[in-house]
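Q: Quick one, what's the 3D model for this:
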Amino acid sequence: MSDPALPFQKALVAALKAAATDAGNNVFDEPEDVFPRITIGDGESNPLHPEPSADCDYDPTEMFFQIDVWSRPDRDGHGVGYPEVKRIASDVRAYLHGADIAVDGFRTELPIRLTSTIYSRDPDGKTRRARMLLQVQLAPEGDSP
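A: Have a look, this model is predicted:
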């Protein structure tokens, strides 16, 4: 059983950079100290057929990924905050929701769904964040239902 998590993450980073948001190429899997930025957060990968079967050569996986959008005022206090986070989150949603992005070695079974977005103020009092939950189902190329 092949896990599509890493190939999907690579494709997701490329798609987010191509989305032409205000974050530009500031898309990372590890947080960098630049703003605005988008980071790939925690994820979950679940085989839809957890028990292998000789009768079934179909191996789909359902995945959930968190995408975080970050904004913070610059050193001079020029604010961006929630308006910037919400603008970028909206662009990400418009670009990814329903998308069928190319993932090496896999095909999309169900297109990407953005299932929720939570807007929050971080404990530092300056940083604003949008936590977006994404859902997708993939299967290895060549598998058939």
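Q: quick check: longest helix of this structure.
A: Ranked by residue count, the top helix of the chain under DSSP state H comes out as helix 81-96.
Q: does the closest residue to Phe28 other than its chain neighbours belong to a helix or a strand, and which?
A: Nearest non-adjacent residue to Phe28, counting by Cβ to Cβ, 6 or more residues apart in numbering: Thr39, 5.2 Å away. (Each C-beta comes from the backbone N, C-alpha and C, glycine too.) Using DSSP states H and E, Thr39 sits within strand 37-47.
Q: The longest helix of the chain - contacts with which helices or strands?
A: Packing partners of helix 81-96 (3 or more Cβ pairs under 8 Å, 6 or more residues apart in numbering; DSSP states H and E): helix 5-18, strand 61-71, strand 106-121, strand 128-140.
Q: ok so, going back, can you pull the contacts of the residue nearest to Phe28?
A: By Cβ atoms under 8 Å, 6 or more residues apart in numbering, the residues touching Thr39 are Val27, Phe28, Asp29, Glu30, Pro31, Ile67, Asp68, Trp70.
Q: Fine by me, thanks again.
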